[in-house]
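K.L.:
Would you be able to build a 3D model of this:
(one chain, ligands or ions: 1)
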Amino acid sequence: MTAASDRAVFAVDIGGTKIAAAEVHGRHLLDRRQTATPRTGRGDDLVAAIAGLAPKHAVSAVAVATTGIVRDGALTALNPRTLPIENGYPLAKALETALGVPPLVVNDAQAAAWAEFTVGAGRGYRNFAFFTVSTGIGCGLVIDGRLQVGATGLAGHVGHTMSDPGGVICGCGRHGCLETIASGTALARRGSERLGRKVGAPDLFAAARQGDRIAAEVIASAVDALVNGFADLTAAVDIDCFAVGGGVGLAEGFIEALKVRSLQLPAVFQRPIVAAKAGADAGLLGVALLFDGNFHLK
Ligand SMILES: [Zn+2]
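P.N.:
Numbers count the residues shown, from 1 in each chain. Next comes the predicted model:
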């Protein structure tokens with residue numbers, strides 16, 4: 001019998017701007033390629049784009065990480081601004097029809113958390129949280145060594161816990177979510193409002209480094225919101241370690257700022273905060289590792 005890791009898994013990561021794919025052998029990504037995400041609101045267009053990335057030879061194993069809520073292989077957008085799609089689009093079923101094998105489909109941050117836990121910054125911990133702070137905020141939780149998906153796929157969507165009562169409306173429909181304060185999109189919006197000119201998150205970090213007090217305040221409020229989010233999560237499920245990735249998360253000085261701010265928390269809520277290590281393709285790797293580990297969603 002062939003060990004699971006000897007077989008290539010065709011792994012796919014569906015994001016709001018691009019779809020990445022690779023053939024994963026064990027822990028190695030081969031033949032990585034990507035295409036722009038069709039933002040048409042139609043799941044069938046996503047499936048066609050994925051079929052276009054599939055290897056020419058027949059695939060025997062397919063694993064898909066995707067933004068959004070995955071329930072029984074069906075995909076629903078939590079924040080339709082990230083990826084518009086029909087509610088409950090039967091992604092697994094449509095991919096099985098297109099590719100000939102039933103795929104494993106998992107939320108992207110959950111898959112990336114599994115990669116970090118297995119081969120990255122979360123190795124050696126039992127209760128681990130991975131946050132990606134990027135265009136949005138994603139999070140995946142591993143509790144007692146098991147990836148948490150939850151009853152409806154929602155586990156770990158900490159970007160949609162409340163940071164600012166009465167704050168602006170979020171794409172998920174609630175007000176003042178962490179994502180509306182601390183994501184790259186939020187930094188760009190809040191920075192532009194405060195500075196009176198259009199800036200992106202990288203501009204804001206550059207301005208702060210050059211001593212701009214307003215830019216530094218906007219970033220500090222994001223840091224504050226994240227650290228309080230970490231403390232809330234620690235109070236709820238007693239996390240051992242937080243790993244942070246994503247374009248904002250890994251921006252120069254950001255993790256250091258999180259660590260410094262966390263030292264102001266009461267000691268009981270303080271936990272290690274470290275940089276993610278599994279890289280930008282953690283979603284691809286994580287979902288392939290879950291496939292090899294015979295991970296089953298409810
Ligand atoms: Zn939200």
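K.L.:
Pull up the pairing partners for the helix or strand harbouring Ala22, direction included.
P.N.:
Following DSSP states H and E, one finds Ala22 within strand 18-25. Strand 18-25 has the following strand partners under DSSP bridges: strand 9-14 (antiparallel), strand 28-36 (antiparallel).
K.L.:
and for the longest one, what are the contacting residues?
P.N.:
The contact list for strand 28-36 (C-beta atoms under 8 Å, 6 or more residues apart in numbering) reads 8, 11, 17-24, 49, 52-53, 55, 281, 284-285. For every residue, glycine as well, the C-beta is placed using N, CA and C.
K.L.:
re the thing from before, I'd like the mean pLDDT over the strand holding Ala22, please.
P.N.:
Averaged across strand 18-25, pLDDT comes to 96.
K.L.:
Please list the residues of the stretch 151-298 of the chain that sit near the ion.
P.N.:
Counting by C-beta under 5 Å from the ion, the positions of the stretch 151-298 of the chain adjacent to the ion are 160, 170, 172, 174, 177.
K.L.:
measure the last one to Met162 for me?
P.N.:
The one in question is Cys177. Per C-beta to C-beta, to the nearest Å, Cys177 is found 6 Å from Met162.
K.L.:
ok, these two, which is more surrounded?
P.N.:
Cys177 (30 against 18; other C-beta atoms under 10 Å).
K.L.:
Name the nearest residue to the more buried one, ignoring sequence neighbours.
P.N.:
Using C-beta to C-beta, 6 or more residues apart in numbering and skipping the chain neighbours, the partner closest in space to Cys177 is Cys170 (4.0 Å).
K.L.:
how about the helix or strand encompassing Asp224: buried residues?
P.N.:
Using DSSP H and E, Asp224 sits within helix 213-237. For helix 213-237, the neighbour count (16 or more other C-beta atoms under 10 Å) marks 215-216, 218-219, 221-234 as buried.
K.L.:
re earlier: what would the strands paired with strand 18-25 look like in JSON lines with distance to the ion, mean neighbour count and mean pLDDT?
P.N.:
JSON lines is the format used below for the strands paired with strand 18-25 (distance: least, C-beta to the ion, whole Å; neighbours: other C-beta atoms under 10 Å; pLDDT from 0 to 100):
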{"stretch": "strand 9-14", "distance to the ion": "20", "mean neighbour count": "27", "mean pLDDT": "97"}
{"stretch": "strand 28-36", "distance to the ion": "25", "mean neighbour count": "13", "mean pLDDT": "96"}
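K.L.:
Make a ChimeraX selection of whichever of the contacts of strand 28-36 turn out to be buried.
P.N.:
To isolate the buried members of the contacts of strand 28-36 in ChimeraX, using 16+ other C-beta under 10 Å:
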select :8,11,19,20,21,22,23,24,49,53,281,284,285
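K.L.:
From what I see, Ala65 and Ala111 are in contact.
P.N.:
Yes: using C-beta atoms under 8 Å, Ala65 is in contact with Ala111, at 3.8 Å.
K.L.:
Between those two, which contacts overlap?
P.N.:
Joint contacts of Ala65 and Ala111 (C-beta under 8 Å, 6+ apart) are 13, 283-284, 286-287.
K.L.:
Tell me the secondary structure at Asp45.
P.N.:
helix (DSSP: H, G, I helix; E, B strand; the rest coil).
K.L.:
With adjacent residues omitted, what lies nearest to it?
P.N.:
Nearest to Asp45 is Pro38, by C-beta to C-beta, 6+ apart, at 4.1 Å.
K.L.:
go on, Leu290?
P.N.:
Nearest to Leu290 is Trp114, by C-beta to C-beta, 6+ apart, at 5.6 Å.
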